[in-house]
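K.L.:
need a 3D model of the sequence below.
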Amino acid sequence: MAALVLFCAALLAASALHKALSRERLTEASARLAGVGPVPAQLLLILAGTLELVAAACLLAAPVRVLGGVIAALVWGTYALALARRRGETLDCGCDLAARSKPVSTALVLRAAGLAVLAGIVALLPDAPFSLDAPFAAAGLIALYLGASELLAIPAPYWKTA
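P.N.:
From the prediction side, this is the model:
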């Protein structure tokens, strides 16, 4: 189960890095999602990025893994709620590395909620010894996650209407 821990930690750290590198774009996305002005949105962005880094670090340290899982679940759960409030609207939600406006779908809300549930599960997992295959399995999970994100970004595929 070390792969799940590494997956969550890597995703959280990458999300925090994304917030630092794309501040302007993600401040706008935060403002739209939270329904606040630019200054509070920037503070929310800094808070979210900080919490993501703290959660990632905590997940990697066995004595505080539960705390990391709880923080990650709160961050991703809050994001799911913010997306749910904007469901149906077309906006750049900051979900992707590329800037693109798209309708906030149920699938996007469920993705964030699923990550929150996964973080809760990771918090409750017993300590597993680190194995050589764990980083590779985590990298595979990240690749699958990014692939699923790209599929969700397709504007109107036939399988979404079927």
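K.L.:
spit out the contact partners of residue 133.
P.N.:
residue 3 (C-beta atoms under 8 Å, 6 or more residues apart in numbering). Every C-beta, even on glycine, is put in place using the N, C-alpha and C of the backbone.
K.L.:
where does it land on pLDDT?
P.N.:
You'll see residue 133 listed with a pLDDT of 90.
K.L.:
switch to numbering from 757
P.N.:
Let's use 757 as the start, then, which means that last one is residue 889.
K.L.:
and the helix or strand harbouring residue 903, what's buried?
P.N.:
In the assignment (DSSP states H and E), residue 903 maps to helix 889-908. Within helix 889-908, the residues that count as buried by 16 or more other C-beta atoms under 10 Å are 890, 893-894, 897, 908.
K.L.:
from those, which is closest to residue 833?
P.N.:
residue 908 (18.8 Å; C-beta to C-beta).
K.L.:
from residue 847, how far out is the residue nearest to that closest one when sequence neighbours are not counted?
P.N.:
In this structure, residue 908 finds its nearest non-sequential neighbour in residue 863, 5.4 Å apart by C-beta to C-beta, 6 or more residues apart in numbering. Counting by C-beta to C-beta, to the nearest Å, the gap from residue 863 to residue 847 is 15 Å.
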